[in-house]
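J.: no sequence on hand, only this structure:
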């Protein structure tokens, strides 16, 4: 991506993120949050809830740690191990700082899984996009078949989206929390990749 285009994209996303923060801080209730939640929860049944809970775990700490270890083994490059680990640590720290600054309470609807802490932005949305998004970038730096790259990219992109939607269905995040998480993580990832790509190219 050209530097001017990347700068423009980061600027636009940053403005949108700031607007979301303003809306969240000045409104106790956002119609879009209620609408999206009601659409998703209308699908509620025990089997679907189990499936969604399984999906949401792919954005959680335990599974991401396991996947980090597997990624390190698969890529077999020390620099990849360092960058993958630094990536997820950085985004987790950023998420916690933002949560403490904004302090949005979690939705008052029934929670189908237990969660604590503040709601905005969604940590699962941020972590999943940062982790799986960075994996997508690393995969495209390898020599594997282009069709395989495209297939893996599509699968991981769908997983990221489903993790975000799962947080709304489970009642632990608002729609705007998830959108903010994706936006903030995209900004972070664009900057992070720009910073580390010189190390990847020299690996």
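T.: Yep, that arrived. If you're wondering where the values come from, they're calculated on a predicted model, not measured in any experiment. Residues are numbered from 1 along each chain as shown.
J.: where along this structure do the helices fall?
T.: 3-26, 31-41, 46-56, 61-75, 78-102, 123-139, 146-169, 175-201 (DSSP state H).
J.: for the third one, packing partners?
T.: With contacts defined as 3 or more C-beta pairs under 8 Å, 6 or more residues apart in numbering; DSSP states H and E, helix 46-56 has these neighbours: helix 146-169. C-beta: built from backbone N, CA, C; applies to glycine.
J.: the helix it packs on: which residues count as buried?
T.: By neighbour count on 16 or more other C-beta atoms under 10 Å, the buried set for helix 146-169 is 149, 152-153, 156, 160, 162-169.
J.: can I get those residues in TSV including pLDDT?
T.: Formatted as TSV, the buried residues of helix 146-169 follow (pLDDT from 0 to 100):
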residue	pLDDT
149	92
152	93
153	95
156	96
160	96
162	96
163	96
164	96
165	96
166	96
167	95
168	95
169	95
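J.: need the winner for burial among the helices of the chain.
T.: Of all the helices of the chain, helix 123-139 carries the top mean neighbour count, a mean of 24, counting by mean count of other C-beta atoms under 10 Å.
J.: report the inter-axis angle for that one versus helix 175-201.
T.: Interaxial angle, helix 123-139 versus helix 175-201 (axes from the mean of the first three to the mean of the last three C-alpha atoms, to 10 degrees): 30 degrees.
J.: quick check: mean pLDDT of helix 123-139?
T.: Mean pLDDT, helix 123-139: 93.
J.: and the angle for it with helix 46-56?
T.: 60 degrees.
J.: what about helix 123-139, distance to the chain center?
T.: Its chain's average C-alpha position is 6 Å from that of helix 123-139, according to C-alpha atoms, centre = their mean, to the nearest Å.
J.: next, the angle from it to helix 146-169.
T.: Going by the same axes, to 10 degrees, helix 123-139 makes 180 degrees with helix 146-169.
J.: chain center to stretch 67-82, what's the gap?
T.: On C-alpha atoms, centre = their mean, the centre of stretch 67-82 falls 20 Å from the chain's centre.
J.: end to end, how far does that stretch reach?
T.: End-to-end distance for stretch 67-82: 14 Å, by C-alpha to C-alpha, to the nearest Å.
J.: run the angle between the helix or strand of the chain with the lowest mean pLDDT and helix 46-56 for me.
T.: Ranked by mean pLDDT, DSSP states H and E, the weakest helix or strand in the chain is helix 61-75, scoring a mean of 85. Comparing the axes of helix 61-75 and helix 46-56 via the same axes, to 10 degrees yields an angle of 50 degrees.
J.: with distance to residue 95 as added columns, please give the buried residues of helix 146-169 in CSV.
T.: Below are the buried residues of helix 146-169 laid out as CSV (distance: C-beta to C-beta, whole Å):
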residue, distance to residue 95
149, 28
152, 25
153, 24
156, 20
160, 15
162, 19
163, 14
164, 14
165, 18
166, 17
167, 13
168, 17
169, 20
